[in-house]
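# Any chance you could fold what I've pasted below:
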Amino acid sequence: MTYQDIDSFFKGSDEANSAAEAHGLATGMLCVNGQTQSTAWIKQLFDQGDDIGAEQSRQLAQLFEETRASLESGDYGFEPFLPADDVPLSEQIAALADWCQGFLFGVGALYRNGEQSGQTREILRDIAEFTRLDPDAEGEEDEVAFMEVTEYLRTAVLLLRAELGSNRRARIH
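The predicted structure follows:
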């Protein structure tokens, strides 16, 4: 299953902007509550009653479970679900900004009233800043910056998962 396959689910939909935003939402929800079910994520994605087919639902559930497995694995194999490297950099950057927006929404959808460390607040502020990335980037310097932001996100997500998922004062609903 490729990014383009999943992204096609959202073309023409009034819901998530992209597969990246949908994956960010799933990742945020799983960082707060590793027991979240794919059905809760799909409901968040299509809360206006959009009818999705059984095959789309199965593929989305598969992506969700792959995301859970990558977050839980000890090999740090988590990757944000973004377009392939052969896609223009501007599209990759726009997808990364969408991913960050979805992630913040996913965290906010489940995380309530818990204390956060200074590091967690700083990471969440950084991710909020990434939602404003300028997609009109090109050139080697911008490619390097894009890779650095992506790598930062990989590490930041794992740190947030450790803190938010274990915060005893957080109320998960």
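# low-scoring pLDDT stretches of this protein, where are they?
12-16, 47-51, 112-115, 166-173 (pLDDT under 70).
# The chain: helices as residue ranges?
Shown for the chain, the helices assigned by DSSP state H span residues 3-7, 19-32, 38-45, 54-72, 89-110, 118-130, 140-166.
# distance between the longest one and the chain's centre?
Right, helix 140-166. Chain-centre distance of helix 140-166: 11 Å, with Cα atoms, centre = their mean, to the nearest Å.
# Flag every buried residue along it.
142, 146, 149, 150, 153, 156, 157, 160, 161, 163, 164, 165 (16 or more other Cβ atoms under 10 Å). C-betas here are computed from N, CA, C, even on glycine.
# give me every residue that touches the first one.
Residue 142 makes contact with 89, 93 under the criterion Cβ atoms under 8 Å, 6 or more residues apart in numbering.
# From residue 88, how far off is it?
The spacing between residue 142 and residue 88, counted by Cβ to Cβ, to the nearest Å, is 11 Å.
# try the fifth one
Using Cβ to Cβ, we find residue 153 at a distance of 20 Å from residue 88.
# And for the last one?
Spatial separation of residue 165 from residue 88 under the definition Cβ to Cβ is 35 Å.
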